[in-house]
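Enquirer: have a look at this prediction, sequence included:
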Amino acid sequence: MSGAVRVEHLTTSGTFSLDGQTFDVDNNVWLVGDDTDVVVVDAPHDAEAITAAVGGRRLQAIVCTHAHDDHVRQAPALARLNGKGVPILLHPADREVWELTHPDLSTTDLTPGEVISIGGTDLHVLHTPGHTPGSVSLYSPELATVFTGDTLFQGGPGATGRSFSDFPTIIASIRDTLLTLPPETVVRTGHGDSTTIGDEAPHLAEWIDRGH
């Protein structure tokens, strides 16, 4: 028996650099799997710590919610530590952002509408651009969970004041894609605490006003 599919959480600390600025950050790492197989959502600052969380399970894929360096810096090392053939999945619209950190390494394209299956549970790939052009969210109806990376946080949208980002686009992604999910859906974010779609939906108008 491989056990029930579950969501596991790890926090790692390091830096985020873009546009000539560097910040200290804490990043969430999410693992989705059972006792046999697992996928990792984002691979920030500590490949060894993530590998320890994977344990003896088969790492099926590293899924990047977007290509900012604090989410992908350790993806190649994590793949190497867990054996040959572990794919790093990234939306192709974030290729230019990826190359800021890994100019000589390729990824496997992540396609909107694609379904990543792990332990009999499906993760649906939703294209949610705005924070970056290729930002994605991963929705599991069975787990009543969506992994939003830096698109939606507790309290509002991700930052859009830097290169490759756009505020109207992130608002459209949240309004037209994420807020259409059931209100009880747990939002597991790239940084900070989790929330729910139902808790965030009433504040859309406030976020739009703040962005003007």
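Expert: Arrived safely. Numbers count the residues shown, from 1 in each chain.
Enquirer: check which helix or strand covers the closest residue to residue 93 other than its chain neighbours.
Expert: Nearest residue to residue 93, sequence neighbours excluded (CB to CB, 6 or more residues apart in numbering): residue 134, at 3.5 Å. Every C-beta, even on glycine, is put in place using the N, C-alpha and C of the backbone. Assessed by DSSP states H and E, residue 134 sits outside every helix and strand.
Enquirer: how about residue 134, what does it touch?
Expert: Residues near residue 134 by CB atoms under 8 Å, 6 or more residues apart in numbering: 66-67, 90-95, 97, 110, 127.
Enquirer: can you put those residues in CSV and add pLDDT, distance to residue 117 and secondary structure?
Expert: Below are the contacts of residue 134 laid out as CSV (pLDDT from 0 to 100; distance: CB to CB, whole Å; DSSP: H, G, I helix; E, B strand; the rest coil):
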residue, pLDDT, distance to residue 117, secondary structure
66, 98, 22, coil
67, 98, 24, coil
90, 98, 19, strand
91, 98, 19, coil
92, 98, 21, helix
93, 98, 24, helix
94, 98, 23, helix
95, 98, 25, helix
97, 98, 27, helix
110, 97, 14, coil
127, 98, 19, strand
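Enquirer: got the end-to-end distance for stretch 41-56?
Expert: By CA to CA, to the nearest Å, the extent of stretch 41-56 from end to end equals 18 Å.
Enquirer: so which helix or strand of the protein has the lowest pLDDT on average?
Expert: Within the chain, no helix or strand scores below helix 204-211, which has a mean of 86 by mean pLDDT, DSSP states H and E.
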